[in-house]
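Trainee: Sequence and predicted model, in that order:
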Amino acid sequence: MALRHLHLLLVFCVFGVDAAVFTLNNGCGESIWPGIQPGSGTPQLMDGGFELRPGESVDITAPEGWSGRFWGRRRCSFDDSGKGSCVTGDCGGVLKCAGAGGAPPATLAEFTLDSPVDFYDVSLVDGYNMPVSILPSGGSGECKTVRCVSDLNQHCPKDLQVLRDGRVVACNSACMAFNKPEYCCSGAFSTPDTCKPTEYSKVFKASCPTSYSYAYDDPTSTFTCKGANYLIRFC
């Protein structure tokens, strides 16, 4: 089957015409179903979800000032009405997430555009389900590539493993696994001074050094660029 390359331009005049193009690329050996959740007050892109076949890319133009997150869903099955489920990253049992977030654990690519520069990161705060990288192009400033290409499922601590048919399909965050303040950066651990890396977040950081490994991992995990387009590569 010939690989398709879809160019889908979604411009919302209320936000202006200046925009960034997100190119979502499936580098995995199987279909994935990207999910998209907009930030508060910004429009939904692509109805929040669609299928992306192996090797396929889709271009999505976001309006000026857009914010939100992208993640990959795996091993999904949907009927003709768009109802079904995904083994990881599911957004309420529907193909088009339409504003809903993905069920953790899921690797996130997060963006805030034009504020006044673009801020972006790959986050493992909600756990990990697949490799994700962000590659800026055509912008000014630091514009660093963020790669989380290690298969953390192969190195996931036993207490954090999500299993399906005896196979590790995702890796929980310690917060989700144990729900304790020291892992969730809550309660007495709700500040950068009191919430420090743990043995679990250090495993995440070792696998993906430029990704958020826990809530206050900002210094090595948030990046900026201005006027760029962004390739988001899964696997």
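Mentor: Structure's in. What do you need?

Trainee: and whichever strand in the chain runs longest, what other elements does it pack with?
Mentor: Longest strand of the chain, by residue count under DSSP state E: strand 67-78. Packing contacts for strand 67-78, counted by 3 or more C-beta pairs under 8 Å, 6 or more residues apart in numbering; DSSP states H and E, involve strand 32-38, strand 84-88, strand 108-112. All C-beta spots, glycine's among them, are computed from the backbone N, C-alpha and C.

Trainee: So which bits of the first one are buried?
Mentor: Which is strand 32-38. For strand 32-38, the neighbour count (16 or more other C-beta atoms under 10 Å) marks 32-38 as buried.

Trainee: How about stretch 167-180?
Mentor: Going by 16+ other C-beta under 10 Å, stretch 167-180 has these buried residues: 168-178.

Trainee: tell me the mean pLDDT over that stretch?
Mentor: Averaged across stretch 167-180, pLDDT comes to 96.

Trainee: Can I get it as CSV, trimmed to CA atoms?
Mentor: Taking C-alpha atoms only, stretch 167-180 is exported to CSV below (Å, rounded to 0.1, in the frame of the first residue of the first chain):
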residue,chain,number,x,y,z
ARG,A,167,3.5,-8.3,28.1
VAL,A,168,4.5,-4.9,29.4
VAL,A,169,2.4,-2.4,27.3
ALA,A,170,3.0,0.7,29.4
CYS,A,171,4.8,2.1,32.5
ASN,A,172,2.9,3.8,35.2
SER,A,173,4.1,6.9,37.0
ALA,A,174,5.0,6.3,40.7
CYS,A,175,2.2,8.8,41.5
MET,A,176,-0.4,6.7,39.8
ALA,A,177,1.0,3.4,41.1
PHE,A,178,1.2,4.4,44.8
ASN,A,179,-0.8,7.7,45.1
LYS,A,180,1.5,9.1,47.8
